[in-house]
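Asker: make a model of this:
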Amino acid sequence: MSVSIFDSFLTTPDMIAAFDDAAVVQAMFRFEAALAKAQAEEGLVPPGAAAAIAGVCNAQLYDIPALIVAGRRAGSLAIPLVKELTKTVGLYDEAAARHVHWGSTSQDVIDTAMVLVTREALQLLDDGLHDLCGHLLRLAEDQVATPVLARTLMQPAQVTSLGFKAAGWLAPLVRARARIREASARALQLQLGGAVGTLSVIGEAGHAVAERMARELGLKVADSAWHTQRDEWVRLGMEVAVLTGSLGKLATDLSLMAQGEIGELAEPSGGGRGGSSAMPHKRNPVSSMITIAASRRTPQHAAALLACMNGEHERGLGNWQAELAEWPQLFLSAHGALRALDEAFAGLKVDSERMLANIHALHGLVFAEAASNFLASAVGRPKAHALLEDLSGRAASGKRGLDELLREAVQADPALASHVDLDKLANIFDPALAALPARRLAERQLSGLRADMAALSSRHPFHE
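Answerer: Purely as a prediction, here's the structure:
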């Protein structure tokens with residue numbers, strides 16, 4: 001697969017190789033070899049013919065760029081491939097050449113090839129999710145009690161814990177890993193239907209041939225040809241798109257927390273990583289940048305797949321061809337984002353002191369709601385709210401903290417002083433205590449996530 005220099009920037013060599021031209025062509029040859037073998041086992045072609053066909057089903061024997069050029073003229077890569085395969089088989093066994101591609105059609109070859117290379121791509125995603133989820137789980141466990149500002153509408157809101165935030169990053173990735181596997185179990189199926197999906201040439205032996213081929217290729221047998229019924233295939237693509245969206249959200253949070261003015265997290269640096277051509281002091285969050293860029297491209301590719309589902313009758317005109325071109329892009333973006341974030345979280349720098357400093361810099365304002373609720377039991381909600389609103393305005397000037405102003409107000413008001421425990425009031429402004437609800441929720445959530453991750457512990461679910 002040929003990609004531009006800027007595409008390469010946002011993905012990985014491994015994923016490029018998974019959809020490389022040679023990989024796709026070799027997968028097509030695997031289909032042809034499996035077809036001939038299955039037909040021979042069912043007595044439809046001579047065993048010697050199947051052996052002769054399989055013997056030259058090697059992409060290295062063919063001029064792949066020439067096949068691609070010829071495929072554009074023919075309207076399908078499978079047409080020149082089958083032609084060249086037939087010619088090559090005929091050089092060794094003229095009779096066997098008559099059995100090449102017998103009873104199949106171009107879309108059978110290409111769809112099955114795409115299923116085979118996609119299975120390799122899915123393994124790369126699964127491995128990447130295993131690693132990134134492991135980093136996030138450790139981060140959540142290590143920082144489960146660490147106070148950090150929660151922010152809503154880009155503004156400081158209340159105190160949460162970094163562990164709770166990390167659990168929120170982890171959960172959709174664990175779900176994505178499970179759902180991609182579930183969707184794959186349905187979508188990774190053999191395509192074999194012949195000209196109009198009925199296997200009319202192969203006849204009554206069609207299902208038996210399909211079963212043998214599927215077993216040979218390690219795929220599921222489809223209930224029927226899915227030439228223009230793309231629901232399970234596209235649903236798998238949508239799960240990959242959703243994964244990339246979740247990675248983009250994570251990268252957005254990381255990039256915001258890594259801003260110099262915030263400084264709560266930092267991606268690893270050194271060796272030229274994140275440098276600037278003009279400013280020596282820069283420490284750019286390159287992993288976040290790559291992930292955000294990859295995720296920004298994903299909705300368009302996902303939408304294109306959905307737009308391609310309206311295949312006409314038994315063979316689509318243009319929509320299937322567009323789908324083939326769009327499909328790899330989802331995986332290129334997803335794996336680029338995964339690899340980038342894996343590198344970031346493998347060496348992530350956590351500055352818990354800066355997190356506390358950012359909380360304290362707000363002069364206690366993020367505790368205003370908790371303080372108002374605490375006072376409401378003594379003087380009622382309206383009065384408590386009005387008092388905190390007034391004191392928050394004064395604290396916002398930055399000269400004195402809300403905790404100090406509130407303590408003075410309580411001491412100056414006999415009605416409040418007789419009902420308010422000043423020690424308990426002080427505890428409201430303790431970041432560690434404020435983070436306790438988040439810690440409890442995180443610990444409960446992490447327990448479930450550990451169990452889910454253990455259930456997904458297999459590192460090679462997509463191997464044949």
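Asker: what ranges does the protein have for its strands?
Answerer: Secondary structure of the chain (DSSP state E): strands located at 147-152, 155-161, 265-266, 349-350.
Asker: so which of these is the most packed in?
Answerer: The highest average neighbour count among these, using mean count of other Cβ atoms under 10 Å, belongs to strand 265-266 at a mean of 22. To be clear about C-beta, it is placed using only N, CA and C from the backbone, and glycine gets the same treatment.
Asker: now do the same for it: mean pLDDT, whole number.
Answerer: Mean pLDDT, strand 265-266: 96.
Asker: and the strands of the chain as JSON lines, adding distance to I202?
Answerer: Putting the strands of the chain into JSON lines (distance: least, Cβ to Cβ, whole Å) gives the following:
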{"stretch": "strand 147-152", "distance to I202": "61"}
{"stretch": "strand 155-161", "distance to I202": "62"}
{"stretch": "strand 265-266", "distance to I202": "59"}
{"stretch": "strand 349-350", "distance to I202": "61"}
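Asker: looking at the ones you listed, which is closest to M453?
Answerer: Distance to M453, taken as Cβ to Cβ, is lowest for strand 155-161 among the strands of the chain, at 20.1 Å.
Asker: partner strands of the closest one, with direction?
Answerer: Strand 155-161 has these partner strands in its sheet, going by DSSP bridges: strand 147-152 (antiparallel).
Asker: please save the CA atoms from stretch 359-377 in CSV.
Answerer: The C-alpha trace of stretch 359-377 is given here as CSV (Å, rounded to 0.1, in the frame of the first residue of the first chain):
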residue,chain,number,x,y,z
ILE,A,359,-6.0,23.7,43.2
HIS,A,360,-4.7,26.1,45.8
ALA,A,361,-4.2,28.8,43.2
LEU,A,362,-8.0,29.1,42.9
HIS,A,363,-8.2,30.3,46.5
GLY,A,364,-10.7,27.6,47.6
LEU,A,365,-13.3,28.5,45.0
VAL,A,366,-13.6,24.9,43.8
PHE,A,367,-14.9,24.0,47.2
ALA,A,368,-17.7,26.6,47.2
GLU,A,369,-20.5,24.1,46.4
ALA,A,370,-19.4,21.7,49.1
ALA,A,371,-19.2,24.5,51.6
SER,A,372,-22.6,25.8,50.7
ASN,A,373,-24.1,22.3,51.1
PHE,A,374,-22.4,22.0,54.5
LEU,A,375,-23.8,25.4,55.8
ALA,A,376,-27.3,24.7,54.4
SER,A,377,-27.9,22.2,57.2
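Asker: for it, buried residues please.
Answerer: Judged by neighbour count using 16 or more other Cβ atoms under 10 Å, the buried positions of stretch 359-377 are 359, 362-368, 370-372, 374-375.
Asker: closest one of those to N310?
Answerer: Using Cβ to Cβ, the buried residues of stretch 359-377 come closest to N310 at V366, 51.3 Å.
Asker: how about low-confidence regions in the stretch 151-300 of the chain?
Answerer: For the stretch 151-300 of the chain, applying pLDDT under 70 flags the ranges 270-282.
Asker: hey, where'd the helices end up in it?
Answerer: Counting by DSSP state H, counting those that start in this stretch, one finds helices in the stretch 151-300 of the chain at the ranges 162-187, 206-217, 231-257, 286-307.
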